[in-house]
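[1] one predicted model, sequence on top.
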Amino acid sequence: MNWKENARKAASLEALKQVKDGFVIGLGSGTTMDIFINELSSKIKLEELEILAVPSSIQVELKAAALGIKLTSLNEYPNLDLAIDGADQVEVKTLNLIKGGGAALTREKIVDSSAKKLIIIVDEEKLVNKLTHSIPLEIIQFGVKATMDKIRKIGGKPILREGSGKLGPIITDNGNFIVDVEFGEINNPEELNYKLKMIPGVIETGLFLKMVDEVYVGEKNGKVKILAKS
């Protein structure tokens, strides 16, 4: 394990303390969540907990099921006790973040917004003073070039995300495309989010704004720092 994986594992173990017996929890997607789900499975078995989990992607659903974690859905439990997720970048002052590297951002946002408390797990390199990461957008396949043109008109540089295991664009669990858009430094994420969501064809953005309660930050020194919303 490199230091980042160790840091994320330490932060995952700390976040795991928030998971209580009888909880229904939302599981985000991505590499950090892989680590968390492994630890969650161990905790459930060791402490004989009754936990139900709502996965935010098919990948997480398959992994959690393979580890024996009991799964449910938002239709069964529309209000979750807790959601845990990762992020590509977190703005320290606001706890606003960008995510969607795993192409599951729409389902993640639905799950994360349905929880009483949202905890994000990152390593310290994901913390920034201003968001600068490219913003993933989930867009419908129809008229993709027209949608990308409209994104350019508001100052973005969109790139259609290609798949690594198949030729052509990545297809989301919802059957849509992912476009990664560079904007440089983002000074007004709320305004940008609004502009993007007003473009016909854009389903959801990777800007998660005013949603996070706590960020568990794994540091190089092995310690975990907790940032809470002010």
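    Ah, there it is.
[2] excluding chain neighbours, what is closest to Thr157?
    Careful, residue 157 is Lys; it's not Thr. Leaving aside its chain neighbours, Lys157 sits nearest to Glu182 (4.2 Å; criterion: C-beta to C-beta, 6 or more residues apart in numbering). In short, each C-beta sits where N, CA and C put it, glycine included.
[3] OK, contacts around the one you found?
    With contact set as C-beta atoms under 8 Å, 6 or more residues apart in numbering, Glu182 has these partners: 134, 156-157, 159.
[4] so can I have JSON lines of those showing distance to Leu80?
    Output for the contacts of Glu182, formatted as JSON lines (distance: C-beta to C-beta, whole Å):
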{"residue": "Ser134", "distance to Leu80": "29"}
{"residue": "Gly156", "distance to Leu80": "32"}
{"residue": "Lys157", "distance to Leu80": "36"}
{"residue": "Ile159", "distance to Leu80": "33"}
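[5] can you give the domain ranges for this structure?
    3-127+209-219, 135-205 (automatic domain parsing).
[6] just name the most buried of those.
    Of all those, domain 3-127+209-219 has the most neighbours on average by mean count of other C-beta atoms under 10 Å, namely a mean of 20.
[7] what's the mean pLDDT across it?
    In this model, domain 3-127+209-219 carries a mean pLDDT of 97.
[8] ok now it, how far from the chain's centre?
    Averaging C-alpha positions (C-alpha atoms, centre = their mean, to the nearest Å) puts domain 3-127+209-219 8 Å from its chain's average.
[9] go on, stretch 213-223?
    That offset, for stretch 213-223, works out to 17 Å (C-alpha atoms, centre = their mean).
[10] contacts for that stretch, please.
    Counting by C-beta under 8 Å, 6+ apart, 3-4, 6-12, 14-15, 87, 90, 95, 117-124, 126-127, 224-229 sit against stretch 213-223.
[11] show me those that map onto strands.
    90, 118-123, 127, 224-228 (DSSP state E).
[12] export those residues to CSV and tack on distance to Asp81?
    CSV is the format used below for the ones in strands among the contacts of stretch 213-223 (distance: C-beta to C-beta, whole Å):
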residue, distance to Asp81
Val90, 23
Leu118, 11
Ile119, 11
Ile120, 16
Ile121, 17
Val122, 22
Asp123, 26
Leu127, 26
Val224, 21
Lys225, 24
Ile226, 19
Leu227, 21
Ala228, 18
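[13] which one of the residues you listed sits closest to Pro200?
    Nearest to Pro200 among those is Leu118, at 28.9 Å by C-beta to C-beta.
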